[in-house]
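Undergrad: Have a look at this prediction, sequence included:
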Amino acid sequence: MAVVFPDKPILIVDDEADWLNSMALSLKVSAGINNIEACVDSREVQKLLTENAYSLVLLDLKMPHVSGLQLLEHISERYPALPVIIISGLNQIDTAIRCVKSGAADFFVKTDERKRVVYCVTRVLKQCRLRLENLQLTETLLQQDSSLHPAFSGLVTVNPKMRKIFSYLQAIATSPEPVLIAGESGVGKELIARALHQLSCPERPWLAVNVAGLDDTVFSDTLFGHIKGAYTGAERNRSGMIEQAQNGILFLDEIGDLSIASQIKLLRLLQEGEYYPLGSDKPRKINARILVAANRDLRAMEAEGKFRRDLLYRLWTHRVIIPPLRERKDDIEPLLRYFLAEASESLGKKIPTLPPELVTLLSTHSFPGNVRELRAMVVNAVSLHRRGVLSTSCFREMLPPLSQKEETGGDADEPSSRIRFAEELPTLKQVSRLLVKEAMKRAGGNQTIAARMLGVSHQALSKRLKTAN
């Protein structure tokens, strides 16, 4: 099924039928604009505007019956949000100024290069779409409805930051612009991309490829495909993933590992909306939306000259930054219960009882592997579980000593930046006693967990507790 673009038609008004048809053909061939309505009688325009909604009006200035200037003034008054581009047979500066003052988005002469008119039409359509997306985003973020779309059923969270991300995804779901999904390994970037696919076009294709380690030739062949004879061994035409994802979504993971040469090709793809299969000199239009994910800091890479600035800005239109698990520890318990049920079903076991101290124990860990690491812990524990309450020993064995906190991605700030003292400093003995008391309170009286929080051995904590008593 052919894609209709734009959603609402463009109305072209001109009493010269040949020029009108020629302009419509140029828009279709050069910009993929195929939703066009033609009108050769200016007297019908007001009725058409009343009965239909349009994306844009391309309006001839000199016409019998009702002039383009009269129609422009009518549209500006009645439909101020509808952009109008004026086309005139005469190059008159005073007329152009008058049209722009009356609300025209731009003014062109019929003898101008056709590409300029096409470019202006696509630019105005994009501006209108971005305005609409901003309105939709504002409305979505202001909504107080806490219900979740079914697309997020696979994303287990109670965290407010994640809920805001869900709202943002719903707002940009209909946008054709690329989306950059950033976050550490294991936070669930592909799950976010799949949710966006379910929000926008669930019945259309979904293709995903990890581009890490692909050299420029393999990258081009994978995405763009090739024609027969493009290289030795290319015995037949092969469609690339872009063509296979037509009208759907193509997800490119680990985009930060692309070579500079591949980055240039991706930039052209996003900017021009076209690509060349290997061995072909005929461009093809892209009809798929591009989502990319990165676990590296692309801004830092750009500063080091490892990532193209123009590509970064092209990907910057819509961006989602997923917080690591250590910044949303309120998700540990729901994720733990979800993975327990998942692992138990997979292994054919009854869901074990969750020990009350396990969530507290896991909250002392920084989870450098994020959600993926937590899942691995749970699967391992359920595999070894026999009956009754789930043992915490499997989890403790997989947790590094708390003294390694900085190495495993924990808080990088110095303690002095988080602790505030009164004017009169407490003694070391007083601070030690208060710190032990607070750790025991947070650990629910469990000395093993409290010792991990304090970065000391169980024996050292036990000794301090005896001294305090």
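TA: On my side now, so go ahead.
Undergrad: did I read that right, Glu37 in a strand?
TA: Yes: per DSSP: H, G, I helix; E, B strand; the rest coil, Glu37 lies within a strand segment.
Undergrad: For the closest residue to it other than its chain neighbours, which residues are in contact?
TA: Take Glu37 and drop its neighbours on the chain: the residue closest to it by C-beta to C-beta, 6 or more residues apart in numbering is Pro9, 4.6 Å away. Glycine gets a C-beta too; all of them are placed from N, C-alpha and C. By C-beta atoms under 8 Å, 6 or more residues apart in numbering, Pro9 lies in contact with 35-37, 52, 54-55.
Undergrad: swap in Cys39?
TA: Cys39 neighbours (C-beta under 8 Å, 6+ apart): 11-14, 45, 48.
Undergrad: tell me the phi and psi of the residue nearest to Glu37?
TA: In terms of degrees, to the nearest 10, the main-chain angles of Pro9 are phi -70, psi 160.
Undergrad: picking up where we left off before, how about JSON lines for the contacts of Cys39, with distance to Val320, pLDDT and neighbour count added?
TA: Output for the contacts of Cys39, formatted as JSON lines (distance: C-beta to C-beta, whole Å; pLDDT from 0 to 100; neighbours: other C-beta atoms under 10 Å):
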{"residue": "Leu11", "distance to Val320": "36", "pLDDT": "94", "neighbour count": "22"}
{"residue": "Ile12", "distance to Val320": "38", "pLDDT": "94", "neighbour count": "24"}
{"residue": "Val13", "distance to Val320": "41", "pLDDT": "93", "neighbour count": "24"}
{"residue": "Asp14", "distance to Val320": "44", "pLDDT": "91", "neighbour count": "24"}
{"residue": "Val45", "distance to Val320": "43", "pLDDT": "92", "neighbour count": "22"}
{"residue": "Leu48", "distance to Val320": "40", "pLDDT": "93", "neighbour count": "15"}
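Undergrad: In strands only, show me the residues you listed.
TA: Of these, the ones assigned to strands by DSSP state E are 11-13.
Undergrad: State the pLDDT value of the residue nearest to Glu37.
TA: Note for Pro9: predicted pLDDT of 92.
Undergrad: Do a quick rundown of the strands in this protein.
TA: Using DSSP E, strands in the chain cover 10-13, 36-39, 56-60, 84-88, 106-109, 179-182, 206-210, 225-226, 238-239, 249-253, 274-275, 284-285, 289-294, 318-321.
Undergrad: how about the last one: buried residues?
TA: Of the residues in strand 318-321, 318-320 count as buried by neighbour count, 16 or more other C-beta atoms under 10 Å.
Undergrad: same question, the second one
TA: Of the residues in strand 36-39, those with enough neighbours to count as buried (16+ other C-beta under 10 Å) are 36, 38-39.
Undergrad: any idea how far the nearest residue to Gly89 once chain neighbours are set aside lies from Arg123?
TA: Excluding its sequence neighbours, the residue lying closest to Gly89 (C-beta to C-beta, 6+ apart) is Lys110, at 5.2 Å. Using C-beta to C-beta, to the nearest Å, we find Lys110 at a distance of 19 Å from Arg123.
Undergrad: the more surrounded of these two?
TA: For Lys110 versus Arg123, the count of surrounding residues by other C-beta atoms under 10 Å is larger for Lys110: 18 against 12.
Undergrad: thought that one was touching Trp19?
TA: Yes: between Lys110 and Trp19 there is a contact at 6.7 Å, judged by C-beta atoms under 8 Å.
Undergrad: follow-up on the earlier one: may I ask which two of the contacts of Pro9 are separated the most?
TA: Ile36 and Asn52 (12.6 Å; C-beta to C-beta).
Undergrad: Next, count neighbours for Gln271.
TA: By other C-beta under 10 Å, the residues close to Gln271 number 11.
Undergrad: Distance check, it against Val179.
TA: 16 Å.
Undergrad: And for Asp60?
TA: Asp60 is 39 Å from Val179, by C-beta to C-beta.
Undergrad: Where does pLDDT dip in the stretch 201-350 of the chain?
TA: For the stretch 201-350 of the chain, no stretch is flagged by pLDDT under 70.
Undergrad: about what we covered before: pull up the per-residue confidence for the residue nearest to Gly89.
TA: pLDDT, read off for Lys110, is 82.
Undergrad: List the backbone torsions phi and psi for it.
TA: Dihedral angles for Lys110 - degrees, to the nearest 10 - are phi -60, psi -20.
Undergrad: need the contact list for it.
TA: Lys110 touches 19, 87-89, counting by C-beta under 8 Å, 6+ apart.
Undergrad: Contacts for stretch 290-306, please.
TA: Defining contact as C-beta under 8 Å, 6+ apart, one finds that stretch 290-306 is touched by 178-185, 189-190, 193, 196-197, 249-257, 260, 269-270, 307-309, 312, 315.
Undergrad: Which of those residues are buried, as a PyMOL select command?
TA: Only the buried entries of these go into this PyMOL selection, using 16+ other C-beta under 10 Å:
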select buried, resi 178+179+180+181+182+183+184+189+193+196+197+249+250+251+252+253+254+255+256+257+269+270+307+308+312+315
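Undergrad: Inside helices: which ones of the contacts of stretch 290-306?
TA: 189-190, 193, 196-197, 260, 269-270, 309, 312, 315 (DSSP state H).
Undergrad: ok, Ala261 to Leu267 distance?
TA: Relative to Leu267, and taking C-beta to C-beta, Ala261 is found at 11 Å.
Undergrad: More neighbours: these two, which one.
TA: Leu267 (17 against 12).
Undergrad: For the more buried one, which non-adjacent residue is closest in space?
TA: Counting by C-beta to C-beta, 6+ apart, the residue nearest Leu267 is Leu311, at 4.5 Å.
Undergrad: if we can go back for a sec, if we only consider the contacts of Pro9, which is nearest to Pro202?
TA: Asn35 (23.0 Å).
Undergrad: In contact with that closest one: list those residues for me.
TA: Neighbouring residues of Asn35 by C-beta under 8 Å, 6+ apart: 4-10, 55.
Undergrad: so what pLDDT did it get?
TA: 91.
Undergrad: Same check on Leu137?
TA: 62.
Undergrad: ditto for the one 5 residues further on
TA: You'll see Leu142 listed with a pLDDT of 50.
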